[in-house]
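Enquirer: Give me the fold of what follows.
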Amino acid sequence: MLGTQDIIIVALVILLLFGGKKIPELMKGLGKGVKSFKDGMNGIDNDLNSDPKEPHKEDTKKF
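Expert: Numbers count the residues shown, from 1 in each chain. As a prediction, this is how the structure comes out:
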């Protein structure tokens, strides 16, 4: 398990490697990745829990 010292060391190494200006961009990309992963997991969960006789929301959208 990571302690406070370990987290501080990792944060300092990341700061040294990428610099202060790149970190917000990295966090933004990480946030988008996590959101995409959660959306995908929610989609799978909805598919597994839905009634196969009912159409999906995506199937009823008009293009």
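Enquirer: how near is residue 28 to residue 35?
Expert: 11 Å (Cβ to Cβ, to the nearest Å). For the C-beta atoms, the positions are set from N, CA and C on the backbone; glycine is no exception.
Enquirer: That should have said residue 49, apologies.
Expert: For residue 49, the distance to residue 35 - Cβ to Cβ - is 21 Å.
Enquirer: who has more neighbours, these two?
Expert: residue 35 (10 against 7; other Cβ atoms under 10 Å).
Enquirer: what mean pLDDT does the host helix or strand of that one have?
Expert: Taking DSSP states H and E as the definition, residue 35 sits inside helix 23-49. The average of the pLDDT scores along helix 23-49 is 88.
Enquirer: what packs against that helix?
Expert: helix 4-18 (3 or more Cβ pairs under 8 Å, 6 or more residues apart in numbering; DSSP states H and E).
Enquirer: So what touches the helix it packs on?
Expert: 2, 23, 26 (Cβ atoms under 8 Å, 6 or more residues apart in numbering).
Enquirer: try 10 Å this time
Expert: Taking contacts as Cβ atoms under 10 Å, 6 or more residues apart in numbering, the residues outside helix 4-18 that touch it are 2-3, 22-23, 25-26.
Enquirer: Can you name the two of those residues that sit furthest apart?
Expert: 3 and 25 (28.0 Å; Cβ to Cβ).
Enquirer: Would you mark the buried spots in stretch 4-17?
Expert: Under the neighbour-count criterion of 16 or more other Cβ atoms under 10 Å, stretch 4-17 has nothing buried.
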